[in-house]
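Colleague: Provided below for reference: sequence and predicted model.
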Amino acid sequence: MILYDSGDYHFSFVWSMKGSLIPRAIVFAMPSVVMAIFFRTFMDLYPEHFTLIEDLNIGNVWTISTISLGLLISFRINWAYSRFWEGITLVQMMRAEWFETCSNLIAFSTVALDTSRKRDIFFKVDTFQALLVRMMSLMHGSALRQIGGNVEDFPVIDVHGLDDESLTYLAQAEVRSENCVEILLHWIQVLITDGINDGVMCIPAPILTRAYQTLSRGMVNLHNARKIADVPFPFPLSQLHVVLVWVQSIVAPLAIALLMPDRIMAGFFCFIATFGTWCLLFISGQFEQPFGNDANDLALSIMQFEMNSSLLMLLDPESIRAPTLKDNAYGITSAKAAI
């Protein structure tokens, strides 16, 4: 995704060609401009050959096609932007749910360090937290890979720290037509259940169930995001849209040439009409699929980097402990005085 300063009133971003659809629209609009100039020139040289076209009132045909195309473009642009905004919302909600799950489980597991003096519990808690962070990073990266069409791999936290048997099973999941994210989700739930039996999860069951709920909600958001990635704009509407654009690209030069007595002005106004139509068509195509490798697509790699940074923060010893008050900061009166 291209980030720019919307408050730049000098409009320096207008001249950027990266991710711009203007050059492509210009290329597609130029044939109509040439046709308009050609028609106007021949109308001036051989006006008797265009009397039949003038009697057909080609302007009404152009008006009707333009209204139909405008309604379809308006519907498609609104629908495409809704998909774009929903896509980023679902991905961010998925990340938030899964990060909250990992944060809760690490916080729950630290309780075992205070309630037990056994030496092996420290090793179990450390192993649980390290394994949880690795699998959560791998699950998030696999989810983004699915959303992006399986064309990009994302960095994960020490994936080779997992045992070879599990990695082999996960690598062969696509051959068996299995979902890697669902496998990792199941492994995390098994890890939590094993942690209850091992004494790592020393937390009341009603509180612990929240972790299962946030895991589930993150998976629901993933499948909703995949719905956007896998289901395109309906084919009949897209086909009709393209056909109407072609019709306008042919009818507009003739209609404008009849209306404009000057060939330069005919070419200019034909360019404005067809250029805007092609721009809106290309923009709607970009918005309909917000996931991928295009310049205007969502930056999934940055989302994975931020998720990895957040997960690694959970393993920092300074982040695990809760802050404490200074000796001279006790009491509500001291807090009010500080304010």
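Modeller: Perfect, thanks for sending it.
Colleague: what packs against the longest helix along the chain?
Modeller: Looking across the chain with DSSP state H, the single longest helix is helix 58-115. With contacts defined as 3 or more CB pairs under 8 Å, 6 or more residues apart in numbering; DSSP states H and E, helix 58-115 has these neighbours: helix 119-147, helix 180-198, helix 205-230, helix 235-259, helix 263-288, helix 300-314. For glycine as for every other residue, the C-beta is placed from the backbone atoms N, C-alpha and C.
Colleague: save those helices as JSON lines, and put in mean neighbour count, distance to Ile77 and mean pLDDT too.
Modeller: JSON lines is the format used below for the helices and strands packed on helix 58-115 (neighbours: other CB atoms under 10 Å; distance: least, CB to CB, whole Å; pLDDT from 0 to 100):
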{"stretch": "helix 119-147", "mean neighbour count": "20", "distance to Ile77": "23", "mean pLDDT": "88"}
{"stretch": "helix 180-198", "mean neighbour count": "17", "distance to Ile77": "32", "mean pLDDT": "89"}
{"stretch": "helix 205-230", "mean neighbour count": "16", "distance to Ile77": "16", "mean pLDDT": "89"}
{"stretch": "helix 235-259", "mean neighbour count": "18", "distance to Ile77": "11", "mean pLDDT": "84"}
{"stretch": "helix 263-288", "mean neighbour count": "19", "distance to Ile77": "5", "mean pLDDT": "87"}
{"stretch": "helix 300-314", "mean neighbour count": "17", "distance to Ile77": "24", "mean pLDDT": "91"}
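Colleague: which residues touch stretch 247-254?
Modeller: 28-29, 31-33, 35-36, 38-39, 53, 58, 61-62, 65-66, 69, 266, 270, 273-274, 277 (CB atoms under 8 Å, 6 or more residues apart in numbering).
Colleague: now do the contacts for the residue nearest to Leu162 when sequence neighbours are not counted.
Modeller: Closest residue to Leu162 apart from its sequence neighbours, by CB to CB, 6 or more residues apart in numbering: Arg134 at 6.3 Å. By CB under 8 Å, 6+ apart, the residues touching Arg134 are 156-159, 161-162.
Colleague: show me just the buried residues among those residues.
Modeller: Among those, those classed as buried by 16 or more other CB atoms under 10 Å are 156-157.
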